[in-house]
Every structure is written in structure tokens, then in C-alpha cells.
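> here's a sequence, model it:
(one chain, ligands or ions: 3)
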Amino acid sequence: MTSITITRPDDWHIHLRDGVQLKDTVRDVSRYMGRAIIMPNLVPPATNTVEALAYRQRIMNQNPQGAFEPLMVLYLTDNTAPDEIRKAKATGQIVAAKLYPAGATTNSDSGVTSVKNIYPALEAMQDVGMPLLLHGEVTDASIDIYDREKAFIDAVLKDVVNDFPNLKIVLEHITTKDAADFVASAGANVAATITAHHLLFNRNHMLAGGIRPHYYCLPILKRNIHQDALIKAATSGSNKFFLGTDSAPHMKHAKEAACGCAGSYTAHAAIELYAEVFDEANAIDKLEAFASFNGPDFYALPRNSDTITLIKESWDVPASYPLGEDQVVPIRAGEQINWRVK
Ligand SMILES: NC(=O)N[C@@H](CC(=O)O)C(=O)O
Ligand SMILES: [Zn+2]
Ligand SMILES: [Zn+2]
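Ligands and ions are numbered 1, 2, ... in the order given. Below is the predicted model of the structure:
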């Protein structure tokens, strides 16, 4: 197969940042994504309806190409009131709320210190049908960084799933077989996003033969048995897994540093990278559901009605792209990608 036409995809987890970086990030995501779930971990974070809608307007001010639609997300804190959830839902433009365990990842300092603190907000979300998005890692310093996702499932997620049987939950950017298995065996209200980089790479790519900071993201790349489990989940045809790039740009010098930031940039070639994975797994026929059907179905939004065409034809990825007044080094920088969008 050298070409495939699929329903226009959406990205169910992306970071567009703010300010001068927005023109570059919005250009990349809007090239062919119909919609995207926009992460709210700004500085300061978008914790209420007014801030989330103002952020949406700053995105729209970049005149995104095509009919791109940003879907906004509320950043949950220990103090998020149930009324704020209802207010956000009523806008029609804020479609989910995000739990960052405080200190778990980039710009999560204002996050939630104990999930019990947001139980009133979760009640309201369950009631109005607003999905809970999770950065699923514990922050306990005594837990090994490679075990933090599984520890989160055991210590937090299982309780939330039991206590809120009708709450829609997306375990974002899953990285382990444990997470894939948990989601697969949970009810229809529990789903997961999978990034292109966690499908393409394992921790050897980041650490063997030299430390490669552009592969450093959270949750951290795991060993290859986990990568294999993610590929199986994504290409299985299960409607519980869908596309969320977690494209998370950081300035080149903030990644190539003694203490580098977590996050990998893939918005320059998101669907192209996923196409490589699915093609390699002899499952290119499963790409459309993963990229274009399962996400909107889970969120109860309509599927996109037009299409894009991918061609199997390699191209050279530049060493970097502009990011506001700086540069971002993308995944596959200086190398080739085997698929392109027509
Ligand atoms: N994934 C990352 O490593 N980084 C993300 C935050 C996140 O999604 O956890 C970021 O905002 O940079
Ligand atoms: Zn995260
Ligand atoms: Zn993210």
C-alpha cells in the first residue's frame, strides 16, 4: 500500500503554549487536524472558564488554517468548585477537565495534591458528562520514575473508577503494558490516548549510546515490552485507544541543558509518524479508527466529514523549526519520515 485516504483526524492531547509561540504551534496542529484537545498547563494555568475562553481566543487569533477547532480544558486544582465545572460545560467550548498530580510534570505545581480534594468537582463532571483527563503518575519521591504510572493506577485510578462509575476518564499518554491492560479491561467509560513517540521508541532510544534529551518526556519512555504492548493496543482495533500526540514544545536550549525540560515535539508530523507505526505493524487499515473515529465517539462529538490522504514517500525533517523567538528540535530532526500528507 503506497497511499491511504482517511477521515480527517483529531489530536486528543496537545500543548500549544502561549504568547509568541502560538503562531508556530497553531500553524502545525491546524495543517490537517480537525480538532485538538488543548492542554491548560500554561503559566499561570487556565483554571477557570474565563481563562480557558480567553486562551481559546488567543489561539483563534492566529487564524488557524482550515476549519481547525480548539477544544478547551479546565486545569483542576484542589479548589475547583463544582459550579465552575457546570459553568465551563455550559460554554460548549470547554469539553474536559484535567488532573495534574501536583509536581508530576511540566507546569503542574498548581495541580491536585490529593484526588479526594476534587471529589466534589468529579461529582459535577460525572453529572454533566464532562470527561476527566489524567496525567497518570504518582509524585512520591520514593517511587521509581519507571513505576509511577503503574503506582498511579493502583493508588488513585482504581478508586476513582470505582467511586465514579459513570465518569468518562481518559488516561492520557499511556506508556506501560499495565496501563494498556487496565484500560482494555475497564468499562466503556475508560479510554486512553497514546503518543506517536511512545509507539516509536523505548528507553534505549533515549539512553543507549548517549543521552538524547529530545526523547525525554513524561511519563518517561519505558522498556521495549511496554512499547510492544502499546503498539498492540493502538493497532488492536479496540475503540478505547485513540490519537493524542502530547506534542509538547520546549525551546532547544531548555531541552539541551544540565536539567532539561520534559516534552517531545511531534506536531510537525503527527499523523505521518503514526502512519509509520501502523504500517510497520501491518495494521495501516486500523489507523483511521484510531486517529479519526475513537476520539470523537468517546467524547460524543461528531466525526469529521472530510478526508486527508497519506502517501508512503520519505522526506527530510529539518534540524529545528521556529518556536516564537526561539527554536524547537522535533522528533526525527535531521532524519527521514516515511509518510507524507498529500
Ligand atoms: N509530556 C511532557 O513531558 N511534557 C508536557 C506535560 C505533560 O503532558 O505531562 C509539557 O507540557 O511539556
Ligand atoms: Zn502529562
Ligand atoms: Zn501533555
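
> when you work out contacts or count neighbours from here on, use the C-alpha atoms and nothing else.
Noted.

> against Ser114, how distant is Glu149?
Between Glu149 and Ser114 the computed distance is 16 Å (Cα to Cα, to the nearest Å).

> so these two - more neighbours on which side?
Using other Cα atoms under 10 Å as the criterion, Glu149 and Ser114 rank with Glu149 on top: 25 against 13.

> and the more buried one, what's its pLDDT?
Glu149 is assigned 98 on the pLDDT scale.

> what's it sitting at in phi/psi?
phi -70, psi -50 (degrees, to the nearest 10).

> just Ala208 next, same as before
phi -80, psi 130.

> how many neighbouring residues does it have?
The tally of other residues near Ala208 (other Cα under 10 Å) stands at 9.

> same question for the one 10 residues further on.
Other residues within reach of Leu218 by the criterion other Cα under 10 Å amount to 22.

> what's the separation between it and Ala258?
Going from Leu218 to Ala258 by Cα to Cα gives 17 Å.

> do the same with Ala275
Going from Ala275 to Ala258 by Cα to Cα gives 34 Å.

> and those two? which has more neighbours close in?
Set side by side, Ala275 and Ala258 show more neighbours around Ala275, with 28 against 9, by other Cα under 10 Å.

> ok, now how distant is Lys23 from ligand 1?
Distance of Lys23 to ligand 1, computed by Cα to the nearest ligand atom, to the nearest Å: 17 Å.

> correction: Val26
In this view, Val26 and ligand 1 are 15 Å apart by Cα to the nearest ligand atom.

> for that residue, which non-adjacent residue is spatially closest?
Pro64 (6.2 Å; Cα to Cα, 6 or more residues apart in numbering).

> and the helix or strand hosting His205, how far out from the chain middle?
Using DSSP states H and E, the element containing His205 is helix 203-207. Chain-centre distance of helix 203-207: 21 Å, with Cα atoms, centre = their mean, to the nearest Å.

> mean confidence for that helix?
98.

> moving C-terminal of it, what's the next helix or strand?
Toward the C-terminus, helix 203-207 is succeeded by helix 224-234 as the next helix or strand (DSSP H and E).

> elements contacting that next one?
Packed against helix 224-234 by the contact rule (3 or more Cα pairs under 8 Å, 6 or more residues apart in numbering; DSSP states H and E) you find helix 177-185, helix 196-200, strand 241-243.

> which residues sit against that helix?
Helix 224-234 is contacted from outside by 174-177, 180, 194, 198-203, 241-242, 277, 281, 290, using Cα atoms under 8 Å, 6 or more residues apart in numbering.

> just the buried members of those?
Taking 16 or more other Cα atoms under 10 Å as the criterion, what is buried in these is 174-177, 180, 194, 198-203, 241-242, 277, 290.

> and of the helices and strands packed on helix 224-234, who's closest to ligand 1?
helix 196-200 (10.6 Å; Cα to the nearest ligand atom).

> packing partners of that closest one?
helix 224-234, helix 270-280.

> on that earlier part again, now the helix holding His205: buried residues?
For helix 203-207, by 16+ other Cα under 10 Å, it's 203, 205-206.

> ok, now stretch 277-288?
Those would be 277-279, 283-284, 286-288, for stretch 277-288 by 16+ other Cα under 10 Å.

> go through those residues and name the one nearest ligand 1.
Using Cα to the nearest ligand atom, these come closest to ligand 1 at Val277, 19.7 Å.

> hmm, the closest one is touching Leu200, no?
Yes - between Val277 and Leu200 there is a contact at 6.6 Å, judged by Cα atoms under 8 Å.

> is it true that Asp109 touches Asp78?
No - in this structure Asp109 lies outside contact range of Asp78 using Cα under 8 Å: 11.3 Å.
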